[in-house]
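Visitor: Sequence and computational prediction follow.
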Amino acid sequence: MHGKYSAAVESGRRLLLRAAGAAPLLAWSHALAVESDPLPVPQGTPRERAVRVYNEGVKVLLERRHAEAQKLFEQALALDEKFAEAHNNLAYSVRMQGAQHFERALRHYNRAIELKPALAQAYMYRGVLFTQMGDMAKARADHARLLGMDRDLAARLALAIDKAVASPDDRSGIAGQYE
């Protein structure tokens with residue numbers, strides 16, 4: 001999202017969150033929505049059901065119900081294995097469930113990028129995962145790639161890398177900052 005569109009979306013999110021009494025969730029909501037926006041449902045196509053299930057997963061993910069979102073993204077992928085956004089959000093869902101899931105998350109981020117090399121969110125969140133795993137070289141490589149794709153996401157990843165480098169023994173908070 002860039003320019004006037006991005007500003008309009010952010011302004012709308014702020015108004016909705018204030019109306020709901022959820023101003024403290026603003027930063028979390030914006031970061032998550034960058035990755036997890038629902039997709040338009042293609043009517044009358046084989047992918048229609050997969051997108052509907054995916055969109056339900058996004059809704060659940062926004063509620064921070066990661067295990068339930070994981071199941072929905074897995075269902076979407078069972079319907080359409082080549083659904084890059086579902087791989088990306090499945091990776092995010094399992095990553096948020098703890099370090100024991102990092103390798104699985106990495107496989108799904110990689111698959112999302114393989115299927116849709118222009119999916120900037122996958123590079124951003126894979127870069128965050130690399131920082132959590134302590135692989136700063138790979139995190140920086142994703143950052144370099146993002147610079148040519150989405151400078152806002154590149155800036156967020158740079159911040160995560162900087163925080164991880166500054167506190168190499170405490171990477172537990174990195175994921176929470178990029179929910």
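Guide: Here it is on my side, so go on. Numbering: from 1, shown residues only.

Visitor: Find the residue ranges of this protein scoring beneath the pLDDT cut-off.
Guide: Applying pLDDT under 70 to the chain flags the ranges 1-36, 42, 170-179.

Visitor: Now do the contacts for Tyr109.
Guide: 87-88, 91, 122, 125-126, 129 (C-beta atoms under 8 Å, 6 or more residues apart in numbering). Using the backbone N, CA and C atoms, a C-beta is placed for each residue, glycine as well.

Visitor: And it, which helix or strand is it part of?
Guide: Per DSSP states H and E: Tyr109 is located in helix 102-115.

Visitor: Past that helix, which element shows up next along the chain?
Guide: Taking DSSP H and E as the definition, the helix or strand right after helix 102-115 is helix 120-133.

Visitor: Run through the neighbouring helices and strands of that following helix.
Guide: Using 3 or more C-beta pairs under 8 Å, 6 or more residues apart in numbering; DSSP states H and E, the elements in contact with helix 120-133 are helix 26-36, helix 84-95, helix 102-115, helix 136-147, helix 151-166, helix 172-177.

Visitor: quick one on the thing from earlier: only alpha carbons, please: show the helix holding Tyr109 as PDB.
Guide: The C-alpha coordinates for helix 102-115 follow below in PDB (Å, rounded to 0.1, in the frame of the first residue of the first chain):
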ATOM      1  CA  PHE A 102      10.000 -22.000  13.100                       C
ATOM      2  CA  GLU A 103      11.100 -24.600  10.600                       C
ATOM      3  CA  ARG A 104       7.600 -25.300   9.400                       C
ATOM      4  CA  ALA A 105       7.000 -21.500   9.200                       C
ATOM      5  CA  LEU A 106      10.100 -21.100   7.100                       C
ATOM      6  CA  ARG A 107       9.000 -23.800   4.600                       C
ATOM      7  CA  HIS A 108       5.700 -22.000   4.100                       C
ATOM      8  CA  TYR A 109       7.300 -18.600   3.700                       C
ATOM      9  CA  ASN A 110       9.600 -20.100   1.200                       C
ATOM     10  CA  ARG A 111       6.700 -21.700  -0.700                       C
ATOM     11  CA  ALA A 112       4.800 -18.400  -0.700                       C
ATOM     12  CA  ILE A 113       7.800 -16.600  -2.200                       C
ATOM     13  CA  GLU A 114       8.300 -19.400  -4.800                       C
ATOM     14  CA  LEU A 115       4.600 -19.100  -5.900                       C
END
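
Visitor: Alright, I will stop here.
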